[in-house]
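# The following block contains a protein sequence and its predicted model.
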Amino acid sequence: MTSSEDLRKRREAEALRIRSSLNRLRTEQHAAAKGGETAVAFVEERLCIGCDQCTIVCDDDAIDLYKVAMASPLIKVESNRKARIIRDACTGCRLCVLACPTDAITMIDR
Ligand code: SF4
Ligand code: SF4
């Protein structure tokens, strides 16, 4: 019979495997995204959950969070937030693409 200690170890090993796999995927995704002065970040509003991760990593103050009304009538929250890119300030560094947990940010031609 599997002991709880064995189970804990197997869970930890599996969590590590999944995390490594996701990190590898993220690295490949980041490497494949275009960047530099000919590119600019773009936020797909539908996918943005307003989590603020992109503004934390952006050193160029190129991301603004604005308030929007909640789309769901089931959750009684007055406002939600979405990110938008300030195009002139964006340097195309791609850090926000890596930081976004919902893949809401892509790099597009400037
Ligand atoms: S690509 Fe870089 S500069 Fe542009 S919004 Fe993202 S983090 Fe900021
Ligand atoms: S990291 Fe992604 S989901 Fe979070 S606020 Fe920025 S664009 Fe939206």
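Yes, it's here. Ligands and ions are numbered 1, 2, ... in the order given.
# Apart from its chain neighbours, what residue comes closest to the residue nearest the centre of the chain?
The residue lying closest to the centre of the chain (C-alpha atoms, centre = their mean) is Cys100, at 0.6 Å. Excluding the flanking residues, the one nearest Cys100 by C-beta to C-beta, 6 or more residues apart in numbering is Cys54, at 5.6 Å. Just so you know, the C-beta spots here come from the backbone N, C-alpha and C atoms, and that holds for glycine as well.
# Verify the contact between that neighbour and Ala99 for me.
Yes: using C-beta atoms under 8 Å, Cys54 is in contact with Ala99, at 5.4 Å.
# tell me which parts of this structure are close to ligand 1?
Counting by C-beta under 6 Å from any ligand atom, the chain comes close to ligand 1 at 41, 57-58, 60, 62-63, 85, 90-96.
# and the helix or strand hosting Glu14, what does it pack onto?
Under the criterion of DSSP states H and E, Glu14 resides in helix 4-32. For helix 4-32, the elements it packs on are helix 95-99, judged by 3 or more C-beta pairs under 8 Å, 6 or more residues apart in numbering; DSSP states H and E.
# and Leu47, how many neighbours does it have?
14 (other C-beta atoms under 10 Å).
# Point out where this protein drops to low pLDDT.
For the chain, the stretches flagged by pLDDT under 70 are 71-73, 77-78.
# rerun that using 90 as the cut-off
Along the chain, segments meeting pLDDT under 90 span 1-4, 6-7, 13-37, 68-80, 98, 101.
# surely Glu45 meets Ile85?
No: between Glu45 and Ile85 there is no contact under C-beta under 8 Å: 11.2 Å.
# These two: which is more packed in?
Regarding Glu45 and Ile85, a neighbour count based on other C-beta under 10 Å identifies Ile85 as having more, with 19 against 11.
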